[in-house]
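# what would the 3D arrangement of this be:
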Amino acid sequence: MNRRNFLRSAGALSALTAMEFAPWQAMAAFAEEMDNFVRGPAVKDHPLRQLSKHVWMIFSPDGFPTPENQGMMCNLTFIDTAKGIVAVDTGASVQIGEMAIRQLQKTLKKPVVALINTHFHGDHVLGNHAFVDAYKDLPIYAHAGTITQIKGMEGNTWRTLMEQWTNQATVGTRVVPPNVAVDHGQELKFGDVTLRLHHYGRAHTASDICVEVVEDKLTCIGDVAMNGRIANMDDGSYVGSLKTYDALQKNAASRIWLPGHGEPGAGVLDWNRGLFEGIYESCVKAVQAGEPLEAAKSRVLADPRVASRAKTTKGFENNIGKYVSLAYLEAETNAF
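Below you'll find the model as predicted:
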């Protein structure tokens with residue numbers, strides 16, 4: 001039995017004994033004590049990369065969490081302003097957040113003055129824990145819907161899932177919800193940098209926020225679009241995503257689109273648009289023809305926009321069936 005499992009077993013026995021006297025108080029105190037004491041291992045350093053005058057990132061090469069990558073699957077973005085660093089998405093664990101802080105202290109040597117969470121999925125928000133420990137009274141901006149989700153079941157659900165997917169490497173992470181609600185059209189000013197916020201309804205989730213760095217003509221798009229990775233659409237909409245791409249290209253005027261997963265670049269929205277149009281439009285045709293789901297999947301796989309991306313898209317083989325099913329259901333709903 002390793003140290004972590006021993007501590008959990010011993011702690012569980014102590015908690016059961018304490019429950020005879022004050023069950024709820026004992027369990028709450030025990031949980032807090034174990035969270036503070038049992039920690040997953042540190043995450044190896046990943047380098048900072050400068051993308052524009054003010055924007056830096058830590059690139060995550062992996063698309064999905066594993067014990068080997070310790071949940072390091074989401075790009076982390078840092079905006080260097082005259083007032084300090086603004087972090088956009090913080091990673092999947094306290095350990096990832098601590099790694100990011102180490103890199104910032106070595107390279108930029110400025111304090112973090114604010115966080116922005118683009119949506120509620122845990123690979124983007126669980127690193128908040130590290131930043132609020134390192135920097136006191138930190139504002140954490142997010143859409144009101146994102147705040148509600150993280151404060152509700154989603155925060156703890158994602159924490160548990162990350163522990164399972166990484167063989168407990170993320171243990172010790174505390175859920176820290178955003179504390180400042182923002183919405184479409186707001187601008188956050190940090191000295192020489194203006195951050196314009198975009199929200200166009202349900203896309204990857206119902207409450208995505210994209211962050212335009214106005215002076216750099218760069219927009220952090222979170223997971224509304226990805227590059228070389230199939231998106232999680234369980235909480236999203238294909239139609240809404242395509243509408244969001246149109247709105248961003250019309251209103252954000254960016255040369256660089258920085259996704260939560262995959263390399264940034266000028267063609268990120270177009271890459272994801274082609275994949276989503278191939279999936280969704282094929283499902284619409286299947287629904288219109290009265291064909292079952294399996295026929296829709298065959299249409300999707302034969303579509304050149306999908307076929308041309310299949311071999312280079314992380315997670316394609318394991319997930320395409322599920323995402324065709326989601327697109328088919330959405331097409332059915334929109335047909336009535």
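
# skipping adjacent residues, who's closest to the most centrally placed residue in the chain in space?
In the chain, the C-alpha nearest the mean C-alpha coordinate belongs to His124, at 3.4 Å (Cα atoms, centre = their mean). Nearest non-adjacent residue to His124, counting by Cβ to Cβ, 6 or more residues apart in numbering: Asp89, 4.2 Å away. All C-beta spots, glycine's among them, are computed from the backbone N, C-alpha and C.

# correct me if wrong, but the residue nearest to the centre of the chain is in a helix.
Yes: checked against DSSP: H, G, I helix; E, B strand; the rest coil, His124 lies within a helix.

# for it, give me its contacts.
74, 89-92, 117-118, 222-223, 260 (Cβ atoms under 8 Å, 6 or more residues apart in numbering).

# for the longest helix along the chain, packing partners?
In the chain, with assignment by DSSP state H, the single longest helix is helix 268-288. Contact partners of helix 268-288 among helices and strands, from 3 or more Cβ pairs under 8 Å, 6 or more residues apart in numbering; DSSP states H and E: helix 238-251, strand 256-259, helix 293-302, helix 304-310, helix 316-334.

# out of these, which is the most enclosed?
strand 256-259 (a mean of 24; mean count of other Cβ atoms under 10 Å).

# ok, and what's touching that strand?
Around strand 256-259, the neighbours that count as contacts under Cβ under 8 Å, 6+ apart are 51-52, 55, 57, 75, 77, 216-223, 225-227, 248, 264-266, 268-269.

# which of these are buried? Put it as a ChimeraX command.
Applying 16 or more other Cβ atoms under 10 Å to these, the buried members can be selected in ChimeraX as follows:
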select :51,52,55,57,75,77,216,218,219,220,221,222,223,225,226,227,248,264,265,268,269
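
# filter the contacts of strand 256-259 down to the ones in helices?
248, 268-269.

# specify which member of these is nearest to Asp133.
Val268 (32.5 Å; Cβ to Cβ).

# and that closest one, what does it touch?
So Val268 contacts 221, 225-227, 257-259, 262 (Cβ under 8 Å, 6+ apart).

# name the nearest residue to it, sequence neighbours excluded.
Per Cβ to Cβ, 6+ apart, closest to Val268 is Trp257, 4.0 Å.

# also Leu138?
Val132 (5.4 Å).

# give me the phi and psi for that neighbour.
Main-chain dihedrals, Val132, degrees, to the nearest 10: phi -70, psi -20.

# give me the neighbour count for it.
19 (other Cβ atoms under 10 Å).

# can you pull the contacts of it?
Val132 neighbours (Cβ under 8 Å, 6+ apart): 138, 140, 176.

# most surrounded residue in those?
Val176 leads these on contacts (other Cβ under 10 Å) with 24 neighbours.

# separation between that residue and His121?
15 Å (Cβ to Cβ, to the nearest Å).

# coming back round to it: the contacts of His124, buried ones only, as a PyMOL selection?
For the buried members of these, the matching PyMOL selection, counting by 16+ other Cβ under 10 Å, is:
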select buried, resi 74+89+90+91+92+117+118+222+223+260
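
# columns distance to Val306 and pLDDT on top of the contacts of His124, output as a markdown table?
Formatted as a markdown table, those follow (distance: Cβ to Cβ, whole Å; pLDDT from 0 to 100):
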| residue | distance to Val306 | pLDDT |
| --- | --- | --- |
| Cys74 | 24 | 96 |
| Asp89 | 28 | 98 |
| Thr90 | 32 | 98 |
| Gly91 | 30 | 97 |
| Ala92 | 28 | 98 |
| Asn117 | 31 | 98 |
| Thr118 | 26 | 98 |
| Gly222 | 23 | 98 |
| Asp223 | 19 | 98 |
| Gly260 | 21 | 97 |
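
# between the contacts of His124, which is closest to Gln103?
Gly91 (11.6 Å).
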